[in-house]
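**Q** Whatever this is, show me its structure:
(one chain, ligands or ions: 2)
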Amino acid sequence: MDNQYNPLEIEKNIHQLWESSQAFSVAEDLSKEKFYCLSMFPYPSGTLHMGHVRNYTLSDVIARYQRALGKNVLNPIGWDAFGLPAENAAIEHKVSPDVWTKKNITSMQQQFKSLGYAYDWKREIATSDPNYYRWEQWLFTKLLEKGLVYKKNAKVNWDPVDQTVLANEQVVDGKGWRSGAVVEQKEISSWFLKITAYADQLLEDLDQLSEWPKQVLTMQENWIGRSHGINTLFPLENSKHSLKVFTTRIDTIFGVTHLFIAPDHPMAKDLAQKDEAIAKFIKETKQVKISEVELETLEKKGIDTKVFAFHPISKEKIPVWIANYVIMEYGTGVIMSVPGHCKRDWEMAKQYNLPVKQVITPLTGSNNVIEQADEEYGRLINSEQFDNLTSKEAITKISEFLVENKLGETKTNYRIRDWGISRQRYWGTPIPIINCDQCGAVAVPEENLPVVLPLDVKFDGATSPLKDIPEFYEAKCPKCDGDATRETDTFDTFINSSWYYARFASYNQHNAMLDNRAKYWSPVDHYIGGIEHAVLHLLYARFIHKIMRDVGLLNFDEPFIKLLTLGMVHNQGTKMSKSKGNSISPIELIEKYGADTVRLYMIFAAPPEQALDWVESGVEGSYRFLKKLWLFSKGNDALEIYNETNVTTVKTHIYWESATISQKEARREVYCIFKQINYDFKRTQFNTVVSGAMKLLNLITKLYADKSDLIDKFIVHEGYVLLLKSLAPICPHITQQLWSELGNEDLLMNAPWPHIPKDALKSESIEYVVQINGKLRGKITVNVNESIQSIEQKVIKEEFVKKSINDQMLKKAIILPDRKLINLVYIDK
Ligand code: ANZ
Ligand code: ZN
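**A** Ligands and ions are numbered 1, 2, ... in the order given. This is a model prediction of the structure:
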């Protein structure tokens, strides 16, 4: 190697070295502690962006560090290969989704390899591979047997021009993102996974996830949205029926002014048949599909139905309205309106000039519910026999009263809905169902799996091409052998990504979804990915994990022990993205500076959880640091002569006999920095690992410049080895190269992590602060073993002491080693 730092050449050679030594191959090894590190796998879009580089560099650093600690580490990679972009590419460029996806995978593999990620490539998975998706088809049929899958009509976003269902994210301002057509709500028949059957477990097991960010736990908790309340009956006037209301605030029942029903409540539908104004109102509100968050901000609208109900306790007459902010999908689809104590009801009351009634007063202070709803718990007023109870007591007492009188029953509700998994899309896993006129929906028998997605297809842009392939959809019913049709819908791609982490362990198992290797590797010890997956992917994966556990494939409750949510990569303050025209190509950077510089910059620029603001000069700074490291090693006689082992043997006896205090101090400084580096590795603050490495290089550079004897060289050598090892997980190429140049034949990535020798951190000297008559005057450094008398003798001879005492005499010297303080008391003669 010449003296110039030539990263591209070095990196090419190191890649060959790793390749020829099969350095990244991983197998189960019961003698070692396992460590499973995983970054959320990418969608194969074709080119890496900076966000990818940040994500995958981080997991590579974690994996390499854990490996250096002696663990058996799995850090695999695969492709979330199904999904919409491939279909869009097919329509736009007339290329089959399969061909397009495979081409992208090939080029991204190259890009990953150029970054030096230590992936065991034999474990690579693509979710579009029938050997992969057959197992989710298999799992689906198992769930069908267990009653955890069902089919029902569901409201969906329907694009009338493109003739397809749209995900909520694909509806922009009420219009289809492609066609621009006004999106309709349509009922179509879809398959659902009963995630609600696992709602309690999904909620309660969050307690096990102490190493997840709090924010993510809260988001999941809210998404599951368990709430305890009571279903209360309000009898209808002139009818034997009642309206059932779900409320969590039964303590406010004497503040009820109205009942509001959802626009798609059956009673509203009935009323619409006889009343045009109601029909019109319902039609208008149905135009907009609203999410729960939007319920808060939605302009409140309602219409009087002229129907009355009776208050279950006071028997007062209560008008029933239809209101746009009541949704049919939650609770009972009917609410009791309490404008004094519920913000939404208050807004509605203001809108239509409805009365507001106060029934709760604060425990301390006062409120005015005419000006603003007070949602806090307090003490009951205007509530007949329940007056003076606290809200909490009242909830118990009123609930008991209603239950006893058969007017109510306690009820636990969840926000979470069953998971609709049917997509009218081509590029996905075919749903393994055959529809028979005689037998209904019949699962494809296990021996006929996988149902393979045909690859040679034509796109007209609107409907799924599967609907035009009789060879695909014509089938025989597995039960009665009659003519039947195969399901042409495919799975939501979130199913593909809900179990891939386990499959990496059993990647080549063709007889089962998973095998014992999955039990060895799972759960994932450290999972890394974007915060945007805080709910959907992470919730689905937790759910499917529990299902796999319950069919006996895995034995842990949770799939991911520790979660690291990564900050975004910004450029000039906003997210780096192609559409904003502010994206930087990692590939060009690698070609210019080498992978080590790019990796180093990604790690150094910000702590993992925070946004990383891109600055070109930062990349240059990283490059300069590596160049400095490289040049330091050239012609350096402290590094030439000794390999690691003989340094260790030589040093132990020489150090303690002939090293000077300042040499011992220098070595202590080296290990102090390494200790900080260790600490930062442990808490995944890799940016300060890098600053530690920079300090270390500065220190040994200085020591080398000042060196006077062999011991100095030993210290430089020792520091240099610590530096290479510390940097190895982050910049694996240059460090491997320099490691080899030291004469080491084994790979640096397999070299054990350095331990800090006993006494290496022990100080040889103490620095005392010196006060004279209570005033700070200077400092003095003495040997740790120095006696108190000897320190006193030394300190009074110091120049700064003599200068500040004029003609006084010493009365007392107080020397406090614990506080590193000397206090000299002088008095006039
Ligand atoms: C009366 C009341 C008084 C309420 C008050 C709140 C505060 P969580 O905790 O999310 O379960 N609600 C019930 N069903 C609804 C539906 N289908 N559409 C819109 N809102 C609905 O919230 C329960 C509360 O949400 C219920 O308690 C109900 O309003 C409202 F001071 O009843 B409450
Ligand atoms: Zn049949």
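**Q** so what's residue 751 up against?
**A** 68, 725, 728, 739, 744 (C-beta atoms under 8 Å, 6 or more residues apart in numbering). (C-beta placed from N, C-alpha, C; glycine too.)
**Q** Quick check: the gap between it and ligand 1.
**A** Going from residue 751 to ligand 1 by C-beta to the nearest ligand atom, to the nearest Å gives 56 Å.
**Q** Nearest residue to the middle of this protein?
**A** Residue closest to the mean C-alpha point of the chain, counted by C-alpha atoms, centre = their mean, is residue 565 at 4.0 Å.
**Q** Pairing partners for that one in the sheet, please.
**A** residue 529 (DSSP bridges).
**Q** Not counting sequence-adjacent ones, nearest residue to residue 8?
**A** residue 594 (5.9 Å; C-beta to C-beta, 6 or more residues apart in numbering).
**Q** counting contacts, what elements does the helix or strand hosting residue 518 pack onto?
**A** Per DSSP states H and E: residue 518 is located in helix 516-521. Applying 3 or more C-beta pairs under 8 Å, 6 or more residues apart in numbering; DSSP states H and E, we find helix 516-521 packed against strand 34-39, helix 500-503.
**Q** swap the cut-off to 7 Å and go again
**A** Judged by 3 or more C-beta pairs under 7 Å, 6 or more residues apart in numbering; DSSP states H and E, the packing partners of helix 516-521 are strand 34-39.
**Q** Counting neighbours, what do you get for the closest residue to residue 95 other than its chain neighbours?
**A** Spatially, and ignoring its direct neighbours in sequence, residue 95 is nearest to residue 89 (6.4 Å; C-beta to C-beta, 6+ apart). Using other C-beta atoms under 10 Å, the number of residues around residue 89 comes to 20.
**Q** how close does residue 89 sit to residue 479?
**A** 39 Å (C-beta to C-beta, to the nearest Å).
**Q** what do you get for residue 192?
**A** In terms of C-beta to C-beta, residue 192 sits 22 Å off from residue 479.
**Q** now swap in residue 768 and tell me
**A** In terms of C-beta to C-beta, residue 768 sits 91 Å off from residue 479.
**Q** So for the two, which sits in the more crowded spot?
**A** Neighbour count, other C-beta under 10 Å: between residue 768 and residue 479, residue 768 has more, with 22 against 15.
**Q** elements contacting the helix or strand encompassing that one?
**A** In this assignment (DSSP H and E), residue 768 forms part of strand 765-772. Applying 3+ C-beta pairs under 7 Å, 6+ apart, one finds that strand 765-772 contacts strand 775-783, helix 799-804, strand 821-827.
**Q** what angle separates it from strand 821-827?
**A** With axes from the mean of the first three to the mean of the last three C-alpha atoms, to 10 degrees defining the directions, strand 765-772 sits at 30 degrees from strand 821-827.
**Q** All further residue positions should be reported with the first residue as 54.
**A** With the count now opening at 54, the last piece we talked about shows up as strand 818-825.
**Q** what residues are up against the residue in the stretch 554-703 of the chain that ligand 1 sits nearest to?
**A** Nearest residue of the stretch 554-703 of the chain to ligand 1 (C-beta to the nearest ligand atom) works out as residue 588 at 16.4 Å. Contacts for residue 588 (C-beta atoms under 7 Å, 6 or more residues apart in numbering) come out as 272, 273, 276.
**Q** Name the member of those with the most neighbours.
**A** Neighbour max across these (other C-beta under 10 Å) = residue 273, 21 neighbours.
**Q** Can you give me the pLDDT of it?
**A** Per-residue pLDDT puts residue 273 at 95.
**Q** swap in residue 341?
**A** So residue 341 comes in at 62 (pLDDT).
**Q** could you dump stretch 229-247 to PDB, C-alpha only?
**A** Provided in PDB are the C-alpha atoms of stretch 229-247 (Å, rounded to 0.1, in the frame of the first residue of the first chain):
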ATOM      1  CA  GLY A 229     -58.300   9.600  -5.700                       C
ATOM      2  CA  TRP A 230     -54.500  10.300  -5.800                       C
ATOM      3  CA  ARG A 231     -54.200   9.000  -9.400                       C
ATOM      4  CA  SER A 232     -57.500   9.700 -11.100                       C
ATOM      5  CA  GLY A 233     -58.500  12.800  -9.200                       C
ATOM      6  CA  ALA A 234     -62.100  11.400  -9.000                       C
ATOM      7  CA  VAL A 235     -64.200  12.100  -5.900                       C
ATOM      8  CA  VAL A 236     -63.800   9.000  -3.800                       C
ATOM      9  CA  GLU A 237     -66.900   7.100  -2.800                       C
ATOM     10  CA  GLN A 238     -67.600   5.000   0.200                       C
ATOM     11  CA  LYS A 239     -68.500   1.500  -1.000                       C
ATOM     12  CA  GLU A 240     -69.300  -1.700   0.700                       C
ATOM     13  CA  ILE A 241     -67.300  -4.600  -0.600                       C
ATOM     14  CA  SER A 242     -66.600  -8.000   0.700                       C
ATOM     15  CA  SER A 243     -63.200  -8.300   2.300                       C
ATOM     16  CA  TRP A 244     -61.200 -10.700   4.500                       C
ATOM     17  CA  PHE A 245     -60.300  -9.700   8.000                       C
ATOM     18  CA  LEU A 246     -57.800 -10.900  10.600                       C
ATOM     19  CA  LYS A 247     -59.200 -10.800  14.100                       C
END
